[in-house]
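J.: Provide a 3D model corresponding to the input given below.
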Amino acid sequence: MSILLLMIPPLILAWYLAHRRGKKPPEPTLWPVLGMLPAILLNLHRLHDYVTEVLAACGCTYRIVGSRLFNLDMLFTSDPANIHHVLSRNFANYPKGPEFRKIFDILGDGIFSADFELWEIHRRTTIAQLKHADFNEFLERAVWQKVEDGLFPVLDHFCGEKEGLDLQDVFQRLAFDNICKLVLGSDPCSLRVELPFFPCEKAFHAVAEPLLRRHLLPEWVWKVQRWLNVGDERIIAEAAAAFDDFIYPRVVGGGDDANVLRAFEKMYNERKSVAGSASLGGFLKDSSLSLMFAGRDTTSACLTWLFWLVAQDPLSERKILEELEAELGLNKKWRPFTAEESHKLVYLHGALCESLRLYPPLPLQHKASVQPDILPSGHRLARNGKLIMSFYSVGRMESVWGKDCLQFKPERWICPSGKIKHEPSYKFPAFNAGPRTCVGKDMAFIQMKMVAAAILYGYKVRLVEGHKVSPRDSILLHAKEGLKVLLCKRN
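T.: Numbers count the residues shown, from 1 in each chain. Next comes the predicted model:
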């Protein structure tokens, strides 16, 4: 506490000088003792946008340094060449590492935290399940059942309501129910008209900001908070307890459709020596939690930003509706469609890609080099040097995407032939890049197209007037204030 009190006068001085100058330059001031910490703290409420401004002004790569007390020394980059180097060309030099595992200890030995042989086993097991002959049929059945039994009743209930509906909350519940069905074999039914409170479902949202602040604060601050059971560490502990309470009973029992769980159980029994966890239950919990993080927040965040962007661009909405009628033959009458049919929806695919480009669900990624390295940009990294790749900033770099980089243009993803245009993953890293590219990418697109099409075809979605929408500063790019919308049925 005394340390924080000592920091108040320099912060006040930094704030005063910055505002006295009028419009301050993006590059942070390097203060004696405190380094660049004042600039970080003053912009903590808009960290992703501030980092983007600094990188745009300083050549896409910039080192942030602070006081030794706070151990703040990180190299930030949005340079696609650097991202390609780290995630692909020199992949072996950039494992998750022990510091990543400390920051994300809540994930245990799941695929996101695992390295080397354990990660390879996780990946092979997950891919085998996604490529199973019956998986697409199972996915279609699960998504459409949730749309019919959960989504439509909720949207119908809120049609005409003047206070509006938080569409982000709806998407998070829908994605949570779906991923639980796919991974645990059971549907918790959090998406109901009464919108019940589920501690586990809300824990994903609660823990996102504290995990971002762990990147900036030294470990001794975490330990003090943990010892006192206050602040961020209390939130993380409560979230961990909510995950355990929800997942453990389900991995022990497992639903009738718990094929993914059974696959990981088989893997554990065959390769127990590298499984990491002390028990089968612990390993299954960690494996499930990582997949639930990916399944809940990638799709729900993308859909949230898609509907916000489309609501401000009526032309794109009309083109999506025209494509649904032309490619699926809906002819004024709604019907579910298959995963194979979803590939025909090229313009909707482009709109989803634009949402992911401008608002990637995982806005940054943390890496540390095992050995010293020189990035393509010429910047040096010492052994165990901290590197933060800002995926949020990549999509907003004029040098990467052109002068219209801040515009929502689904057409940029469509070739003259009418097919989907491919962009390198290091330029479009919403699903990561290199060997750690998200294995559920295709599944995510299928699910998002189904949900987006069902809503847009059946309902008019308009933003609540005066409702502010901005990205939340956390490891998951939620809308800070949610997405309040007004609904009415289409004729």
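J.: Next up, the contacts around residue 393.
T.: 48, 51, 52, 55, 56, 60, 78 (C-beta atoms under 8 Å, 6 or more residues apart in numbering). Heads up, the C-betas are built off the backbone N, CA and C, glycines and all.
J.: Which of those residues fall in strands?
T.: Of the contacts of residue 393, none are assigned to strands by DSSP state E.
J.: Identify the farthest-apart pair in those.
T.: Farthest-apart pair in the contacts of residue 393 is 48 and 60; separation 15.1 Å (C-beta to C-beta).
J.: In terms of packing, which of the two has more residues around it?
T.: When residue 48 and residue 60 are compared for neighbours, residue 48 comes out ahead with 24 against 21, by other C-beta atoms under 10 Å.
J.: now the strands for the stretch 1-150 of the chain?
T.: 61-65, 73-77 (DSSP state E, counting those that start in this stretch).
J.: And residue 129, how close does it get to residue 417?
T.: Going from residue 129 to residue 417 by C-beta to C-beta, to the nearest Å gives 34 Å.
J.: how about the residue nearest the centre of the chain, what does it touch?
T.: Centroid-nearest residue in the chain, with C-alpha atoms, centre = their mean: residue 361, separated by 2.6 Å. Contacts for residue 361 (C-beta under 8 Å, 6+ apart) come out as 297, 298, 301, 302, 430, 476, 477.
J.: how about 7 Å then?
T.: Residues near residue 361 by C-beta atoms under 7 Å, 6 or more residues apart in numbering: 297, 298, 301, 302, 476, 477.
J.: Can you tell me which of these is nearest residue 137?
T.: Lowest distance from residue 137 to the contacts of residue 361 (C-beta to C-beta) belongs to residue 298, with 21.8 Å.
J.: Can you give me the pLDDT of the nearest residue to that closest one once chain neighbours are set aside?
T.: Nearest residue to residue 298, sequence neighbours excluded (C-beta to C-beta, 6 or more residues apart in numbering): residue 361, at 4.6 Å. On pLDDT, residue 361 comes in at 94.
J.: show me where the stretch 201-350 of the chain has helices.
T.: Using DSSP state H, counting those that start in this stretch, the helices of the stretch 201-350 of the chain run over 208-216, 219-228, 231-253, 259-270, 280-311, 314-328, 339-342, 346-358.
J.: Alpha carbons of the first one, as PDB, please.
T.: Below are the C-alpha coordinates for helix 208-216, written out as PDB (Å, rounded to 0.1, in the frame of the first residue of the first chain):
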ATOM      1  CA  ALA A 208     -10.700 -12.000 -18.100                       C
ATOM      2  CA  GLU A 209      -9.600  -8.600 -16.800                       C
ATOM      3  CA  PRO A 210      -7.600  -9.900 -13.800                       C
ATOM      4  CA  LEU A 211      -5.600 -12.200 -16.100                       C
ATOM      5  CA  LEU A 212      -4.700  -9.300 -18.300                       C
ATOM      6  CA  ARG A 213      -3.500  -7.300 -15.300                       C
ATOM      7  CA  ARG A 214      -1.300 -10.200 -14.300                       C
ATOM      8  CA  HIS A 215       0.800  -9.500 -17.500                       C
ATOM      9  CA  LEU A 216       1.600  -6.000 -16.100                       C
END
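J.: number of nearby residues for residue 131?
T.: 11.
J.: Any stretches of the stretch 51-200 of the chain with poor pLDDT?
T.: Along the stretch 51-200 of the chain, the parts satisfying pLDDT under 70 run over 68-71.
J.: Also the stretch 201-350 of the chain?
T.: 253-258, 273-278.
J.: now the contacts of residue 361 as JSON lines including distance to residue 285 and neighbour count?
T.: Listed next are the contacts of residue 361 as JSON lines, based on distance: C-beta to C-beta, whole Å; neighbours: other C-beta atoms under 10 Å:
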{"residue": "297", "distance to residue 285": "18", "neighbour count": "24"}
{"residue": "298", "distance to residue 285": "20", "neighbour count": "26"}
{"residue": "301", "distance to residue 285": "24", "neighbour count": "28"}
{"residue": "302", "distance to residue 285": "26", "neighbour count": "26"}
{"residue": "476", "distance to residue 285": "20", "neighbour count": "21"}
{"residue": "477", "distance to residue 285": "26", "neighbour count": "26"}
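J.: Pull the most distant pair out of those residues.
T.: Across these (C-beta to C-beta), the longest gap, 11.4 Å, separates 302 and 476.
J.: out of the contacts of residue 361, who's nearest residue 138?
T.: Minimum distance to residue 138 across these is 18.9 Å, recorded for residue 298 (C-beta to C-beta).
J.: okay but the closest one is in contact with residue 444, surely?
T.: Yes - if you go by C-beta atoms under 7 Å, residue 298 and residue 444 touch, sitting 5.5 Å apart.
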